[in-house]
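Student: structure for the following, please:
(one chain, ligands or ions: 1)
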Amino acid sequence: MLRGTSLRNTWREATTAEGFLVTTDGGQLNRKSLRTPIQSSMDVFHLKIVITGILFSIVIYAIPWSDFLLSTVPRDDYVDLTSNETLKQDVHFVILGATGDLALRYLFPALFSIRTNSTPTEIRVTIYATSRQAPDVIRNSVELSIDAAIGCTEVVQRDFLSFIKYRQLRASEDFERLCTSIPSTDKLVFYLSIPPSAYANTVKNFGLFCKNGRREADIRLVLEKPFGADYSSARALFEKLKQWFPFERYYLVDHYKAKEATIAIPEFFAKNSDVAADFISSNSSTIELVLNETLGVTDRISFYDETGVVRDVVQNHLMEILIDIVSAITKKVNSDLERSSLITNVSIDTVNFGQYESYNQELAKSAVREGPSNTPTFVRAEASLKSTLLKDVKVSFTAGKKLSRKVSQARLTFGDGEVDKEVVFHIGGQGLNYPAVLFRGFTRNSVICPSGRPLSERVPYKALLSESKALFQVCPLGTTFRNAYEAVIEDILRWQSQYSTDVGFILSSWALWDPWIKKLGTG
Ligand SMILES: O=P(O)(O)OC[C@H]1O[C@@H](O)[C@H](O)[C@@H](O)[C@@H]1O
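Tutor: Below you'll find the predicted structure:
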């Protein structure tokens with residue numbers, strides 16, 4: 001457990017009394033791996049920051065050195081690398097549900113990594129960890145999770161933890177107290193890491209107590225999927241949310257949009273229009289989407305039992321990837337098509353559900369509900385994509401918990417009958433321990449990698465639904481998988497919306513999956 005006073009160093013004093021700073025640096029963050037032995041690099045890190053500060057002080061603002069190094073940066077004196085007016089503000093990042101699985105497993109480690117690995121410039125962030133529980137309980141959970149999730153020295157962890165403010169948010173007065181304590185000229189992010197059933201009421205409290213005297217454009221509300229439980233509940237939810245804030249204020253997270261291999265999809269097909277053209281003209285094209293996991297759902301069984309595999313990962317993550325692929329492949333043919341309208345070209349033909357063996361025993365132990373549940377933890381669906389832009393494409397969705405291998409991938413197969421071609425977006429999991437685009441069946445060097453990355457040697461790889469291993473050429477997209485929430489949070493802090501999905505997409509996707517979810521009568 002970590003206790004003690006915060007780390008004192010020149011950087012802290014030079015930058016902020018209570019927040020941490022995040023670079024926007026033209027969108028490029030300067031990062032190291034999360035597990036770098038950070039303490040040994042801290043001196044270099046601080047030195048870099050001090051040098052950056054000194055250079056900017058001299059060149060841009062001519063702030064005296066002593067001022068820059070010893071005092072808090074005055075609000076008008078941010079080092080602005082982007083000349084973007086909207087970034088010159090403090091951001092207060094309020095996490096609701098700070099003791100929940102998402103916050104502890106993903107959000108705090110992501111914030112820690114951003115704090116530790118980026119060069120501070122102009123966005124100053126204050127983190128609030130809030131929940132319905134007492135501040136001490138929240139602090140305890142956050143400290144334990146940081147301890148477990150992050151492999152670095154106590155001193156670095158302590159430094160990060162000292163940036164977090166703990167608040168209980170239960171009654172309306174708590175919301176009012178929090179919002180009135182935050183300067184009305186600062187930006188506010190509310191990250192609702194809470195069950196979707198609590199969204200409407202929580203947003204109402206923000207609407208009532210946090211808008212006063214504040215520009216609405218300085219508020220963002222971040223919500224996580226699943227948005228509703230089906231088409232009509234999603235519509236009803238959006239109607240309620242709209243009563244308090246316009247849709248532009250909502251950031252609808254789908255963290256699979258921020259995975260390295262998902263991000264690479266549009267660029268890959270833009271750079272390799274011959275590959276897209278081959279796919280379009282092929283008589284036997286398939287797209288297989290897989291999100292298989294080895295973990296069960298014991299820790300979040302009350303959420304999962306109401307949700308099930310389709311609402312959890314298919315209606316959102318796998319659908320986003322499918323539509324990204326189709327839209328990237330057909331971009332040349334028709335660049336104006338809305339993503340949501342592409343969903344109307346998909347029809348689902350058959351669906352098989354399954355449940356892992358020990359699921360009902362786990363449910364019984366958790367006392368979430370009585371009697372056996374038929375919530376599916378596994379799905380395999382066959383679908384087809386019929387569009388005037390493409391020849392018919394067979395699509396399959398496979399996803400499940402407690403399976404033998406963890407892998408997230410999108411695999412395309414196509415060809416003219418003689419040479420089979422294959423492109424795999426390796427999004428996460430086993431088989432390759434870094435994100436990549438893999439392909440075979442193309443002449444050497446005819447394919448260009450995204451982001452100017454070099455093509456690596458051929459590697460043996462077995463795509464999940466293929467029969468055997470084959471040799472693939474590889475475009476590596478990094479050396480390890482990053483926590484996608486880092487990219488999501490950076491996007492939010494820069495007031496951008498790259499990884500936010502949209503209402504039209506969500507509703508069209510619900511409309512597609514609704515009949516199948518209803519057939520089973522449960523999640
Ligand atoms: O592949 P990742 O990034 O670990 O994400 C998978 C997770 O994605 C989440 O959206 C689902 O709710 C989880 O059930 C799932 O485990």
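Student: what's the spacing between residue 380 and residue 516?
Tutor: 12 Å (C-beta to C-beta, to the nearest Å). Placement of C-beta: from N, CA and C, glycine included.
Student: one more: residue 134?
Tutor: 43 Å.
Student: how about the residues of the stretch 101-250 of the chain near the ligand?
Tutor: By C-beta under 6 Å from any ligand atom, no residue of the stretch 101-250 of the chain approaches the ligand.
Student: tell me how many other residues surround the spatially closest residue to residue 444 that is not a sequence neighbour.
Tutor: Residue nearest to residue 444 in three dimensions, not counting chain neighbours: residue 473, with 7.5 Å by C-beta to C-beta, 6 or more residues apart in numbering. Neighbour count for residue 473, taken as other C-beta atoms under 10 Å: 20.
Student: for residue 473, give the beta-bridge partners.
Tutor: residue 439 (DSSP bridges).
Student: between residue 134 and residue 516, which has more neighbouring residues?
Tutor: residue 516 (17 against 12).
Student: contacts only, for that one.
Tutor: 310, 348, 351, 381 (C-beta atoms under 8 Å, 6 or more residues apart in numbering).
Student: of the residues you listed, buried ones?
Tutor: The neighbour count (16 or more other C-beta atoms under 10 Å) marks 310, 351, 381 as buried among the contacts of residue 516.
Student: what sits closest to residue 513 if chain neighbours are left out?
Tutor: That would be residue 315: by C-beta to C-beta, 6+ apart, it lies 4.8 Å from residue 513.
Student: what is the neighbour count of the one you found?
Tutor: Neighbours around residue 315, by other C-beta under 10 Å: 26.
Student: flag the shaky bits of this protein, pLDDT-wise.
Tutor: 1-88, 118-122, 151-153, 332-337, 417-419, 521-523 (pLDDT under 70).
Student: surely residue 513 and residue 308 touch.
Tutor: No. Applying C-beta atoms under 8 Å, one finds residue 513 not in contact with residue 308, separated by 10.8 Å.
Student: which one of those two is surrounded by more residues?
Tutor: The neighbour comparison of residue 513 against residue 308 (other C-beta under 10 Å) goes to residue 308, with 25 against 22.
Student: assign the more buried one to helix, strand or coil.
Tutor: Following DSSP: H, G, I helix; E, B strand; the rest coil, we place residue 308 in the helix state.
Student: wait, it sits on residue 377?
Tutor: Yes. The pair residue 308 and residue 377 qualifies as a contact (C-beta under 8 Å) at a distance of 7.5 Å.
Student: okay if I get the contacts of residue 516 as a markdown table plus distance to residue 125 and secondary structure?
Tutor: A markdown table is the format used below for these (distance: C-beta to C-beta, whole Å; DSSP: H, G, I helix; E, B strand; the rest coil):
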| residue | distance to residue 125 | secondary structure |
| --- | --- | --- |
| 310 | 36 | helix |
| 348 | 42 | strand |
| 351 | 43 | strand |
| 381 | 41 | strand |
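Student: farthest pair in those?
Tutor: 310 and 348 (10.3 Å; C-beta to C-beta).
Student: for residue 380 and residue 516, list the residues in contact with both.
Tutor: residue 351.
Student: the strands in the stretch 251-400 of the chain, which residues?
Tutor: Using DSSP state E, counting those that start in this stretch, the strands of the stretch 251-400 of the chain run over 285-292, 346-354, 378-387, 390-400.
Student: what's the most buried one of those strands?
Tutor: strand 285-292 (a mean of 22; mean count of other C-beta atoms under 10 Å).
Student: what packs against it?
Tutor: helix 319-330, strand 390-400, strand 407-415 (3 or more C-beta pairs under 8 Å, 6 or more residues apart in numbering; DSSP states H and E).
Student: who does the residue of the stretch 401-523 of the chain found nearest the ligand bridge with?
Tutor: Per C-beta to the nearest ligand atom, residue 428 is where the stretch 401-523 of the chain lies closest to the ligand, at 4.9 Å. Residue 428 has these beta-bridge partners by DSSP bridges: residue 408.
Student: as CSV, the helices and strands packed on strand 285-292 with distance to residue 183 would be great.
Tutor: Below are the helices and strands packed on strand 285-292 laid out as CSV (distance: least, C-beta to C-beta, whole Å):
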stretch, distance to residue 183
helix 319-330, 36
strand 390-400, 44
strand 407-415, 41
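Student: tell me how far the residue nearest to residue 399 when sequence neighbours are not counted lies from residue 207.
Tutor: Closest residue to residue 399 apart from its sequence neighbours, by C-beta to C-beta, 6+ apart: residue 291 at 4.3 Å. From residue 291 across to residue 207, the span is 35 Å (C-beta to C-beta).
Student: next one: residue 445
Tutor: Residue 445 is 56 Å from residue 207, by C-beta to C-beta.
Student: isn't residue 150 right up against residue 158?
Tutor: No. Judged on C-beta under 8 Å, residue 150 makes no contact with residue 158 at a distance of 11.7 Å.
Student: before we move on, back to that, which among the contacts of residue 516 gets closest to residue 225?
Tutor: residue 310 (11.7 Å).
Student: flag every buried residue along stretch 245-259.
Tutor: 245, 249-259.
Student: repeat that for stretch 499-513.
Tutor: 499-501, 503, 505-510, 512-513.
Student: tabulate the residues you listed (CSV), appending secondary structure.
Tutor: Output for the buried residues of stretch 499-513, formatted as CSV (three-state DSSP):
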residue, secondary structure
499, coil
500, strand
501, strand
503, helix
505, helix
506, helix
507, helix
508, helix
509, helix
510, helix
512, helix
513, helix
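Student: closest to residue 238 among those?
Tutor: residue 503 (5.6 Å).
Student: check contacts around the residue nearest to that closest one when sequence neighbours are not counted.
Tutor: In space, residue 503 comes closest to residue 238 once its chain neighbours are excluded; the distance is 5.6 Å by C-beta to C-beta, 6+ apart. The contact partners of residue 238, by C-beta under 8 Å, 6+ apart, come to 227-228, 247, 503, 507.
Student: farthest pair in these?
Tutor: 228 and 247 (14.8 Å).
Student: contact residues of the stretch 251-400 of the chain facing the ligand?
Tutor: So the stretch 251-400 of the chain meets the ligand at 293, 312-313 (C-beta under 6 Å from any ligand atom).
Student: need those residues in CSV with neighbour count, can you?
Tutor: Below are those laid out as CSV (neighbours: other C-beta atoms under 10 Å):
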residue, neighbour count
293, 20
312, 24
313, 25
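Student: tell me how far the residue positioned nearest the centre of the chain lies from residue 292.
Tutor: In the chain, the residue lying closest to the centroid (C-alpha atoms, centre = their mean) is residue 255, at 2.4 Å. Distance, residue 255 to residue 292, by C-beta to C-beta: 17 Å.
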